[in-house]
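>>> When you get a sec, could you give me coordinates for this:
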Amino acid sequence: MTIGGRIKQARKAGNFSLRKLADEIGVSAMAISKYERDQDVPSSGVLLRLSQALQVKVDFFFRPSTVSVQLQAYRKHAVLGVKEQEAIQMRIQDWVERYLEVESLFPEEQHAANLPLRKVTSLDEIETAALELRDRWSLGYDAIENLVQLLEDRGIKVGIISGFEHFDACTFKADGDPVIVTKGELSGDRQRFNLGHELGHLVLDVQGDLKPEQAANRFVGAFLVPAATARFELGANRTDLNINELHMLKHKYGLSMQAWIYRAKDLSIITENTAARLFQQFRVNDWHRQEPGKPYPSETPMRMERLIYRALAEDLISRSRAQELLGKPLQLAWEMEALQQNDLAIRSGN
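Reported below is the predicted structural model:
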């Protein structure tokens with residue numbers, strides 16, 4: 001990628017218009033446009049001001065493009081604008097490039113996801129597909145304690161992106177590797193639903209009258225709470241579900257209370273009328289926006305960050321490069337405290 005391409009990527013990732021960025025760095029909008037189209041080359045001073053305005057290192061403009069991103073599925077609100085979509089995609093592109101760069105330092109850590117792709121034409125086949133994947137990953141029927149960690153361990157790269165209210169999640173391939181990115185400002189149960197939904201897009205080949213979004217939604221419940229598990233917890237037939245019961249199950253399985261109602265309805269544990277009445281109770285109390293009780297904790301991807309600190313420990317990268325790859329300040333508080341304690345111990349020994 002050229003310097004102009006990098007300038008455009010950083011501008012869109014920062015959601016800057018040409019005019020806004022030009023005003024920030026003291027040049028004309030036409031100058032920015034020429035830089036991006038490689039019709040002119042910015043001076044070192046302009047590059048420095050660009051890096052400050054766009055909050056990237058100067059080295060970013062000279063980084064070669066190393067990844068091809070192919071979008072597969074995109075969950076968003078209808079009001080998400082084109083500029084916001086471009087900003088999201090550019091920010092994801094930068095994150096994936098950094099991820100693949102640090103991963104390349106450890107070839108033995110590069111494991112193919114080897115995900116199955118199952119043709120499904122009915123809801124029952126989706127239930128079977130979810131069970132087959134759990135069996136393939138040796139999960140049994142128990143609750144999945146940490147879905148992010150599970151996906152990372154199975155070769156799926158997981159990213160979190162914040163700052164975009166109307167974005168939910170997306171799935172794509174980066175140099176052939178499956179990648180899932182989800183919104184950051186979510187409770188853990190909503191985050192896990194997004195991840196499970198996108199996983200469904202990766203493993204389901206939806207055909208016939210089924211709709212891909214409908215299929216992915218059904219897959220989430222079937223994967224997080226298999227039918228046998230749901231009936232074990234709820235029973236085979238119920239006339240009602242208790243709010244406290246749903247809250248406890250939410251925290252046991254990481255599936256929202258409302259998703260549990262859908263799961264019970266889908267499996268005919270409760271009737272359509274019972275489900276409608278429960279959903280009405282949630283709307284009346286505004287629980288459909290924020291469910292009652294303690295929220296389920298969100299999960300954090302750790303693999304990329306772990307590899308960066310490993311590379312730093314092995315002197316494969318400098319501290320400044322580690323910070324650039326991480327995209328945030330290094331967590332050195334514990335390290336500094338340990339060094340201070342070590343220094344005190346040495347002095348005491350003398």
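
>>> how about stretch 317-336: buried residues?
Within stretch 317-336, the residues that count as buried by 16 or more other CB atoms under 10 Å are Ile317, Arg321, Ala322, Gln323, Glu324, Leu325, Leu326. For every residue, glycine as well, the C-beta is placed using N, CA and C.

>>> Can I get those residues in a markdown table including distance to Tyr253 and pLDDT?
A markdown table is the format used below for the buried residues of stretch 317-336 (distance: CB to CB, whole Å; pLDDT from 0 to 100):
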| residue | distance to Tyr253 | pLDDT |
| --- | --- | --- |
| Ile317 | 39 | 93 |
| Arg321 | 41 | 88 |
| Ala322 | 37 | 91 |
| Gln323 | 37 | 88 |
| Glu324 | 38 | 84 |
| Leu325 | 35 | 88 |
| Leu326 | 32 | 89 |
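
>>> Narrow these to those in helices?
Among the buried residues of stretch 317-336, the members falling in helices are Arg321, Ala322, Gln323, Glu324, Leu325, Leu326 (criterion: DSSP state H).

>>> and which of those residues is nearest Leu234?
Using CB to CB, Leu326 comes nearest to Leu234 of those, at 43.4 Å.

>>> what residues are up against that closest one?
Glu305, Ile308 (CB atoms under 8 Å, 6 or more residues apart in numbering).

>>> how much space is there between it and Gln214?
In this view, Leu326 and Gln214 are 38 Å apart by CB to CB, to the nearest Å.

>>> Equivalent analysis for Lys119, please.
Separation of Lys119 from Gln214 (CB to CB) stands at 16 Å.

>>> again, but for Phe232
Taking CB to CB, one finds Phe232 at 26 Å from Gln214.

>>> Quick one: the ones in helices among the buried residues of stretch 317-336 as JSON lines, columns for distance to Val220 too.
Below are these laid out as JSON lines (distance: CB to CB, whole Å):
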{"residue": "Arg321", "distance to Val220": "38"}
{"residue": "Ala322", "distance to Val220": "36"}
{"residue": "Gln323", "distance to Val220": "36"}
{"residue": "Glu324", "distance to Val220": "35"}
{"residue": "Leu325", "distance to Val220": "32"}
{"residue": "Leu326", "distance to Val220": "30"}
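
>>> Out of the residues you listed, which comes closest to Val225?
Set against Val225, the nearest of those by CB to CB is Leu326 (35.0 Å).

>>> roughly how far apart are that closest one and Ile317?
For Leu326, the distance to Ile317 - CB to CB - is 10 Å.
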